[in-house]
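> What follows is a predicted protein model with its sequence.
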Amino acid sequence: QSCKTSYQRKYMYQDVGRTLCQPQTKIASEMQFFYVDVSTLSERNVSYNLLVTRVENFVLTTQEQFTFNATPAQPQYLKYDFPKGVDSVIVKVTSATAFPCSVISIQDILCPVYDLDNNVEFIGMYQTMTKKAAITVQKKDFPNNSFYVVVVVKTEDE
């Protein structure tokens with residue numbers, strides 16, 4: 001299964017969402033600031049609502065199923081930490097629907113996270129999927145003993 005990439009197409013979304021990549025801090029209580037730029041090609045003023053929330057349950061656990069939603073306008077990524085004594089894991093992702101196609105990516109813990117349709121395949125390992133995907137991940141490939149599991153839903157199937 002392969003997925004079509006659509007760089008020049010226009011898609012209308014009422015809701016969009018992104019998980020921000022958190023850079024390393026010196027101490028846990030250190031405050032971090034960020035900026036949000038919003039733009040439009042509309043000739044009229046457009047009102048927006050911005051909601052910033054802390055991502056709960058961001059870290060995956062071995063042998064525990066995790067349910068989440070992803071859309072073309074709201075990609076998702078989660079962190080996995082290798083437990084002591086574990087040298088490799090199989091990341092399995094399933095979806096109840098075959099359409100649209102998705103890309104599952106395994107990436108090192110670095111910013112930026114490549115979680116868009118037009119860049120998810122640039123770094124790490126990836127696999128396209130309709131209903132099921134599985135990727136074997138080895139601890140030796142990740143110096144921080146952890147990685148991101150990135151899920152990007154494509155806008156169209158090919």
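On my side now, so go ahead.
> Which strands or helices does whatever helix or strand residue 137 lives in pack on?
In the assignment (DSSP states H and E), residue 137 maps to strand 132-138. The contact analysis (3 or more C-beta pairs under 8 Å, 6 or more residues apart in numbering; DSSP states H and E) places strand 132-138 against strand 88-94, strand 102-108, strand 125-129. The way it works is simple: take the backbone N, C-alpha and C, and place the C-beta from them, glycine included.
> out of those, nearest to residue 144?
Smallest distance to residue 144 across the helices and strands packed on strand 132-138 (C-beta to C-beta): 7.2 Å, for strand 102-108.
> now for that closest one, which elements pack on it?
Short answer (3+ C-beta pairs under 8 Å, 6+ apart): strand 102-108 packs on strand 88-94, strand 125-129, strand 132-138, strand 146-153.
> what comes into contact with that strand?
3, 70, 77, 91, 93, 95, 113-115, 117, 120-121, 123-130, 133, 135, 137, 142-144, 147-154 (C-beta atoms under 8 Å, 6 or more residues apart in numbering).
> now do 6 Å
Strand 102-108 is contacted from outside by 93, 120, 123-129, 133, 135, 137, 142, 147-148, 150-153, using C-beta atoms under 6 Å, 6 or more residues apart in numbering.
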